[in-house]
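Asker: I'll drop the sequence and a predicted model, then ask my questions.
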There are 2 protein chains.
Amino acid sequence: MMIYQKLLRNSGYKLTPQRQLIIDVLLENNQSHLSAEDIYQLTVEVSPELSLATIYRTLELLTELKVVKQVNFGDGLMRYELGDDSDLHHHHHLVCVVCQKIEEFNEDWLGEIEDRIEQEHGFQILDHRLIFQGICSNCRKNDN
Amino acid sequence: MMIYQKLLRNSGYKLTPQRQLIIDVLLENNQSHLSAEDIYQLTVEVSPELSLATIYRTLELLTELKVVKQVNFGDGLMRYELGDDSDLHHHHHLVCVVCQKIEEFNEDWLGEIEDRIEQEHGFQILDHRLIFQGICSNCRKNDN
DNA sequence: GTTTTTGCAAACAATTTGCAGGGAT
DNA sequence: ATCCCTGCAAATTGTTTGCAAAAAC
């Protein structure tokens, strides 16, 4: 937590209790791809006065500082995940269309593909998003 | 256009003038990744009484019938593209963060990756979305 | 005591919905 | 005559913003 205080300070921001709480929630639910509303539901128990607006503002700030990354699964809202850049670049998602659960997996084979795209299209790649939609092993067992 | 009439009929729907017009606009702007609002702007010239609500309902219907596919580039609104499934599966996007232009490219190397995921995760893949964000060749030349 | 940061409520933008009228079969 | 389809306006949802008060330095 000292880490985050320092990180904010260095950029001219303060680690307020609200921001601390939001970061805590993100840390505790690391693999969960929380939405702003999800975070609100988790913080409201601890600190009912914390407003959704503050959550959005904090997430915007943390995104700017690269503490969190926004991910859009196309389900109508933004989701946020903690993580450092090096991880995230090789980190993708499997979204189950039955139970909506999101699995993660890591791979780095996009590297060579990116090289090819840069050569063939002259397109300088900064980031990518790869999302697979399908049916997870659990739902396949319960063959819905 | 007969094709679409048949397609709708077979599913119990009618090819109304409004639906026809929306399909025409999609056909004429095939590579354009139009949003609902874009389509509205294009139809309103021809047929000013056509409402945005009808466009949304038509796009929902066409999505259901697999005539169009929704694509979410994470820019806050849904975009729609015509196309048959076989194409779309090997069809990805390069989104320029400078000029917002969207290039397309086709590749099918995700096949082997999908096989691996199915084996390792027991996850049955139905679809995927791969989007690269970066700087297009044009914007690189004008070195912004 | 100035600068951040917050909570509240209002504003906003994209999309959806309820309903009553219009059109096709 | 029924059922599908449409336009309109209102509702909904996710997110952003203006402003005045509270907190941090």
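Answerer: Perfect, I can see it now. Computed from a prediction, not measured in an experiment: that's the story for all the values here.

Asker: for DNA strand D, what are the nearby residues on chain A?
Answerer: A:14, A:16-17, A:35-37, A:52-53, A:56-57, A:60, A:76-78 (CB under 7 Å from any atom of the strand). (Each C-beta comes from the backbone N, C-alpha and C, glycine too.)

Asker: hmm, which two among the residues you listed are most spread apart?
Answerer: Using CB to CB, the residues of chain A next to DNA strand D span at most 32.5 Å, a distance reached by A:14 and A:76.

Asker: and the residues of chain A next to DNA strand D as a markdown table, adding distance to DNA strand C and pLDDT?
Answerer: Below are these laid out as a markdown table (distance: CB to the nearest atom of the strand, whole Å; pLDDT from 0 to 100):
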| residue | distance to DNA strand C | pLDDT |
| --- | --- | --- |
| A:14 | 4 | 92 |
| A:16 | 4 | 94 |
| A:17 | 7 | 93 |
| A:35 | 15 | 94 |
| A:36 | 12 | 95 |
| A:37 | 13 | 94 |
| A:52 | 7 | 95 |
| A:53 | 4 | 96 |
| A:56 | 9 | 97 |
| A:57 | 5 | 96 |
| A:60 | 10 | 95 |
| A:76 | 7 | 81 |
| A:77 | 11 | 89 |
| A:78 | 13 | 92 |
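
Asker: check contacts around residue A:82.
Answerer: A:26, A:27, A:30, A:67, A:68, A:69 (CB atoms under 8 Å, 6 or more residues apart in numbering or on different chains).

Asker: and the residue nearest to it when sequence neighbours are not counted, what helix or strand is that in?
Answerer: Sequence neighbours aside, residue A:26 is the residue nearest to residue A:82 in space, at 5.0 Å (criterion: CB to CB, 6 or more residues apart in numbering or on different chains). In the assignment (DSSP states H and E), residue A:26 maps to helix A:17-28.

Asker: and the helix or strand following that helix, how far out from the chain's middle?
Answerer: As assigned by DSSP H and E, the chain's next helix or strand after helix A:17-28 is strand A:34-35. Offset of strand A:34-35 from its chain centre (CA atoms, centre = their mean, to the nearest Å): 8 Å.

Asker: Is chain B within reach of whichever helix or strand comes after strand A:34-35?
Answerer: Proceeding N to C from strand A:34-35, the next assigned helix or strand is helix A:36-44, under DSSP H and E. No - on the criterion CB under 8 Å from any CB of the partner chain, helix A:36-44 is out of touch with chain B, staying 14.5 Å away.

Asker: immediately after helix A:36-44, which helix or strand?
Answerer: Next helix or strand after helix A:36-44 toward the C-terminus (DSSP H and E): helix A:52-64.

Asker: can you pull the buried residues of that next one?
Answerer: For helix A:52-64, a neighbour-count test (16 or more other CB atoms under 10 Å in any protein chain shown) marks A:54, A:55, A:58, A:59, A:61, A:62 as buried.

Asker: lowest average confidence, helix or strand, in chain A?
Answerer: Using mean pLDDT, DSSP states H and E, the weakest-scoring helix or strand in chain A turns out to be helix A:85-88, at a mean of 56.

Asker: Name the next helix or strand following it along the chain.
Answerer: strand A:91-96.

Asker: could I get that following strand in CSV with only the CA atoms?
Answerer: Extracted C-alpha coordinates of strand A:91-96, given in CSV (Å, rounded to 0.1, in the frame of the first residue of the first chain):
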residue,chain,number,x,y,z
HIS,A,91,-3.0,-11.8,-21.1
HIS,A,92,-6.3,-12.6,-22.7
HIS,A,93,-9.8,-13.6,-21.9
LEU,A,94,-12.3,-16.5,-22.4
VAL,A,95,-15.8,-15.3,-21.9
CYS,A,96,-18.4,-18.0,-21.4
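
Asker: Find the nearest non-adjacent residue to residue A:127, please.
Answerer: Per CB to CB, 6+ apart, closest to residue A:127 is residue B:133, 4.7 Å.
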